[in-house]
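Visitor: sharing a sequence plus its predicted fold:
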Amino acid sequence: MNGDDYGRLIYLGLLLVAVGSWVFVQNRQGIGKTLQQLAIWAFIFLGVIAGYGLWDDIRTTVSPQQSVLQDEGRVDVPRSRDGHYYLTLEVNDVPVQFLVDTGASAVVLNAADARRVGIDLDDLAYLGRARTANGEVRTARTRVDSMSLGGITDRNVSVAVNEGQMDQSLLGMDYLQRWSSIEIREGAMVLTR
């Protein structure tokens, strides 16, 4: 724990003493009732602390993440609550979350992800065109040194950088066809090499 954590702990302790003192003074006549209420508040306080401490475990259970079975060369991708499949790949050793899009022919990076993986957007020539649900956008073809998923690394991978507004990078068929099998079963997409 650092100094901020100690400060927060002291503050919470003082707040608990202040509230507890007020409750005790207000209910001097019914000490049994006061102790009962104090016990209830203590359980509520412990419940909040437990919920805060377990939040990462709860979030993982509610929103399952991709799992990689390296010995089998398989990646299981759970369907998200919005019905889509998302994969996190290491692009030039930088984690990038992709929306799996079997309708896209290319791997398409949005401008923010392209910058994060080391692509200089000023050096790109936006000569390509892509038709999207939001209309036609200009794209620039380039290559990334590596794309890794589950211990499987592909080198010198062709990608497109989207010039338009795009919230999520897309993982299209240029990458997906590198896998020997793509199937959807029991609410998950299974990629096998």
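Guide: Structure received.

Visitor: give the bridge partners for the residue nearest the centre of the chain, please.
Guide: Among the residues of the chain, the one closest to the centroid is residue 97, at 7.5 Å (Cα atoms, centre = their mean). Beta-bridge partners recorded for residue 97 (DSSP bridges): residue 88.

Visitor: ok, it - contacts?
Guide: 86-88, 168-169 (Cβ atoms under 8 Å, 6 or more residues apart in numbering). The way it works is simple: take the backbone N, C-alpha and C, and place the C-beta from them, glycine included.

Visitor: if any of these are buried, put those into a ChimeraX selection.
Guide: Those of these that count as buried under 16 or more other Cβ atoms under 10 Å are selected in ChimeraX with:
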select :86,87,169
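
Visitor: from the contact counts, what lies against whichever strand in the chain runs longest?
Guide: Assignment by DSSP state E gives strand 135-149 as the longest strand of the chain. Helices and strands touching strand 135-149, by 3 or more Cβ pairs under 8 Å, 6 or more residues apart in numbering; DSSP states H and E, are strand 86-91, strand 128-132, strand 152-162.

Visitor: direction included, what does the second one pair against?
Guide: When pairing is defined by DSSP bridges, strand 128-132 lines up against strand 135-149 (antiparallel).

Visitor: please look at residue 189 and residue 181 and confirm they touch.
Guide: No. Using Cβ atoms under 8 Å, residue 189 is not in contact with residue 181, being 10.7 Å away.

Visitor: would a markdown table of the helices and strands packed on strand 135-149 with mean pLDDT and distance to residue 41 be doable?
Guide: As requested, the helices and strands packed on strand 135-149 are exported to a markdown table (pLDDT from 0 to 100; distance: least, Cβ to Cβ, whole Å):
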| stretch | mean pLDDT | distance to residue 41 |
| --- | --- | --- |
| strand 86-91 | 91 | 41 |
| strand 128-132 | 79 | 54 |
| strand 152-162 | 91 | 53 |
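
Visitor: tell me the most buried of those?
Guide: Of all the helices and strands packed on strand 135-149, strand 86-91 carries the top mean neighbour count, a mean of 19, counting by mean count of other Cβ atoms under 10 Å.

Visitor: so what does that strand touch, helix or strand wise?
Guide: strand 74-78, strand 94-100, strand 135-149.

Visitor: mind giving me the packing neighbours of the helix or strand containing residue 41?
Guide: Using DSSP states H and E, residue 41 falls within helix 31-53. Secondary-structure packing of helix 31-53 (3+ Cβ pairs under 8 Å, 6+ apart): helix 3-26.

Visitor: which residues of the protein score low on pLDDT?
Guide: 1, 27-29, 55-71, 133-134 (pLDDT under 70).

Visitor: common neighbours of residue 189 and residue 181, please.
Guide: Common neighbours of residue 189 and residue 181 are not found (criterion: Cβ under 8 Å, 6+ apart).

Visitor: so which of those two has more stuff around it?
Guide: residue 189 (21 against 10; other Cβ atoms under 10 Å).
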